[in-house]
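# Turn this into a model:
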Amino acid sequence: MRIAWPKLIFSRLQLEHEDYSLILLVVAIKLLLLCFGAWTYPIQYNESLGSFSDVLSLWHRWDATHYIEIAHSGYQSTGEARLWLVFYPLYPILIHLTALIVRNALYSAFIVSSAASIAVAVLMRRLVAIDFPEPIASDAVWFLYIFPTSYFLHVDYTESLLLLLVVGAFLAARHRDWPLAGVLGMLASLAHGNGILLAPALGLEALLSIWRARRWSNECLWLGLVPLGLLGFLWINYRVTGSAFDFLNSEGHWAQGLVPPWRGIGGTIGVMLKYSPNEAQMIGTQVLFYMLLALGACVYSAVKLPLSYTVWSTANWLLFACTSWDLSGPRYVLVIFPIYIMFADFGRHRLCYQLITIWSLIWLGFFASQFAAGHWAF
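Alright, predicted model coming up:
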């Protein structure tokens with residue numbers, strides 16, 4: 001079987017007229033977000049920012065520092081750095097490769113995230129446009145980029161890369177481009193643990209395609225590439241420590257493990273009731289709210305969207321709900337892209353559009369300012 005890879009890839013990269021306005025929108029939001037951090041930080045701390053690197057450093061926090069360390073020094077088998085084995089390798093690899101040209105790991109991380117976040121806008125519009133009119137597709141992109149935790153798409157975190165690969169894989173699958181879907185799915189499972197959840201979602205899409213056509217297609221076998229990303233991650237663990245599942249030993253450090261969903265949700269409710277007001281709100285009420293929002297998106301997807309989207313959304317929701325100590329749920333739900341389709345669909349009604357937009361922008365500003373100031377914001 002001969003695959004014309006250049007033709008497959010470049011046919012997906014050709015920009016359409018509507019794409020240019022979306023790209024300008026994403027770049028404008030990105031610049032406004034960076035300026036927002038640069039302007040609000042001195043107000044909160046009465047400290048000046050001396051350089052562009054200082055501005056970027058406001059967003060270089062928490063997990064982001066570990067990705068840079070991995071990109072610079074690789075995975076380690078001893079010391080505290082051994083704990084970074086829980087982080088998947090694709091994003092650090094791309095940072096390292098970009099740094100060979102840019103010669104600055106921090107700048108390289110932002111370049112990778114920025115390129116991915118811009119590409120997501122283009123692919124997201126095209127994916128939604130398969131099932132909805134063009135205005136709904138564009139609105140879905142709008143709601144993605146003003147989502148309260150969408151600042152993670154612009155900073156040196158892996159969310160933009162993962163979302164790019166996930167949306168790209170679904171778009172390829174909807175066009176029956178199984179080789180490209182398999183490759184993107186493999187890269188997604190090499191970028192983040194959630195990527196492996198594409199295997200059942202894309203597999204179902206392939207089965208439904210075969211059923212509709214009443215004809216078997218050998219190209220569907222390309223989806224067998226999806227688990228290879230996870231196997232690559234396990235191989236790295238084995239090469240570094242001698243155990244393919246050594247990363248599981250590090251999960252204890254992050255106070256995370258898998259529990260039944262009722263225990264995970266119950267633990268979040270417990271935080272709301274027993275912790276300090278700040279923690280009760282940020283890692284209690286907010287986490288529970290976004291968990292319920294994602295659950296609503298799963299129900300919406302089951303009613304109005306392709307079944308494969310529902311499998312992806314529900315599998316991710318279950319993973320969040322089954323986490324024993326969920327500190328980052330509002331960030332994790334970014335990859336449940338039916339949320340933005342749901343918002344855009346509800347936004348057909350002007351009042352709903354306005355309310356969702358106002359809610360999103362208020363919380364985006366608050367969470368982003370908290371994060372840039374060094375406070376925990378998922």
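# quick one: the strands in the chain?
Remark: no strands are assigned in the chain by DSSP state E.
# what's the residue nearest the centre of it in contact with, if anything?
The centroid of the chain falls nearest to residue 159 when counting by C-alpha atoms, centre = their mean (3.2 Å). By C-beta atoms under 8 Å, 6 or more residues apart in numbering, the contact set of residue 159 is 152-153, 331, 334-335. Using the backbone N, CA and C atoms, a C-beta is placed for each residue, glycine as well.
# any idea how far it lies from residue 150?
When distance is defined by C-beta to C-beta, to the nearest Å, residue 159 is 9 Å away from residue 150.
# anything in contact with each of those two?
Common neighbours of residue 159 and residue 150, using C-beta under 8 Å, 6+ apart, are residue 334.
# In a markdown table, list the contacts of residue 159 along with neighbour count, pLDDT and distance to residue 362.
Formatted as a markdown table, the contacts of residue 159 follow (neighbours: other C-beta atoms under 10 Å; pLDDT from 0 to 100; distance: C-beta to C-beta, whole Å):
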| residue | neighbour count | pLDDT | distance to residue 362 |
| --- | --- | --- | --- |
| 152 | 28 | 97 | 17 |
| 153 | 27 | 97 | 18 |
| 331 | 22 | 96 | 18 |
| 334 | 24 | 97 | 18 |
| 335 | 22 | 97 | 23 |
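# wait, residue 110 sits on residue 153?
No. Using C-beta atoms under 8 Å as the test, residue 110 is too far from residue 153 to be in contact (11.5 Å).
# now residue 187, nearest residue through space, not along the chain?
Spatial nearest neighbour of residue 187, excluding adjacent residues (C-beta to C-beta, 6 or more residues apart in numbering): residue 165 at 5.1 Å.
# which regions of this protein lie under the pLDDT threshold?
Segments of the chain classed as low confidence (criterion: pLDDT under 70) are 1-13, 251-255.
# could you redo the last one with a cut-off of 90?
By pLDDT under 90, the weakly predicted segments of the chain are 1-19, 44, 47-51, 77-81, 213-217, 246-259, 261-262, 323-327.
# Need the single longest helix in it, by residues.
The longest helix of the chain (DSSP state H) is helix 17-45.
# Name the residues of it that are buried.
Buried residues in helix 17-45, defined by neighbour count with 16 or more other C-beta atoms under 10 Å: 18-19, 22, 25-26, 29-30, 33-34, 36-38, 40-41.
# next one: stretch 354-369
For stretch 354-369, by 16+ other C-beta under 10 Å, it's 356-357, 360, 363-365, 367-369.
# hmm, who's touching it?
Counting by C-beta under 8 Å, 6+ apart, 33, 36-37, 40, 44, 142-143, 146-151, 330, 343, 346-347, 377-378 sit against stretch 354-369.
# Just the ones in helices from those residues, please.
33, 36-37, 40, 44, 142-143, 330, 343, 346.
# so which two of those residues are the farthest from each other?
Greatest spacing in the ones in helices among the contacts of stretch 354-369, by C-beta to C-beta: 44 and 346 (34.5 Å).
# Leaving out chain neighbours, which residue sits closest to residue 327?
In this structure, residue 327 finds its nearest non-sequential neighbour in residue 283, 5.3 Å apart by C-beta to C-beta, 6+ apart.
# Correct me if wrong: that neighbour contacts residue 331.
No. Using C-beta under 8 Å, residue 283 is not in contact with residue 331, being 11.8 Å away.
# Contact partners for the residue nearest to residue 156 when sequence neighbours are not counted?
Using C-beta to C-beta, 6+ apart and skipping the chain neighbours, the partner closest in space to residue 156 is residue 109 (3.6 Å). Residue 109 makes contact with 60, 64, 67-68, 71, 95, 98, 156, according to C-beta under 8 Å, 6+ apart.
# need the contact list for the closest residue to residue 144 other than its chain neighbours.
Spatial nearest neighbour of residue 144, chain neighbours left out: residue 340 (4.4 Å); criterion: C-beta to C-beta, 6+ apart. By C-beta under 8 Å, 6+ apart, the contact set of residue 340 is 124, 140-141, 143-144, 147.
# let's see 7 Å
Going by C-beta atoms under 7 Å, 6 or more residues apart in numbering, residue 340 touches 140, 143-144.
# now swap in residue 284 and tell me
Going by C-beta under 7 Å, 6+ apart, residue 284 touches 268, 271-272, 275.
# So which of these wins on neighbours?
Counting neighbours by other C-beta atoms under 10 Å, residue 268 leads those with 24 neighbours.
# Give me the distance between the residue nearest to residue 226 when sequence neighbours are not counted and residue 191.
Using C-beta to C-beta, 6+ apart and skipping residues adjacent in sequence, the residue nearest residue 226 is residue 185, 3.7 Å away. From residue 185 over to residue 191 the distance is 11 Å, taken as C-beta to C-beta.
# okay, these two: which has more neighbours?
Using other C-beta under 10 Å as the criterion, residue 185 and residue 191 rank with residue 185 on top: 34 against 27.
# residue contacts, that one?
Here residue 185 is in contact with 169, 198, 202, 223, 225-226 (criterion: C-beta under 7 Å, 6+ apart).
# One more: residue 176?
Going by C-beta under 7 Å, 6+ apart, residue 176 touches residue 209.
# And the contacts of residue 185, which of them are buried?
Taking 16+ other C-beta under 10 Å as the criterion, what is buried in the contacts of residue 185 is 169, 198, 202, 223, 225-226.
# Adding distance to residue 91, write those out as TSV.
Shown next, in TSV, are the buried ones among the contacts of residue 185 (distance: C-beta to C-beta, whole Å):
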residue	distance to residue 91
169	17
198	17
202	21
223	23
225	19
226	18
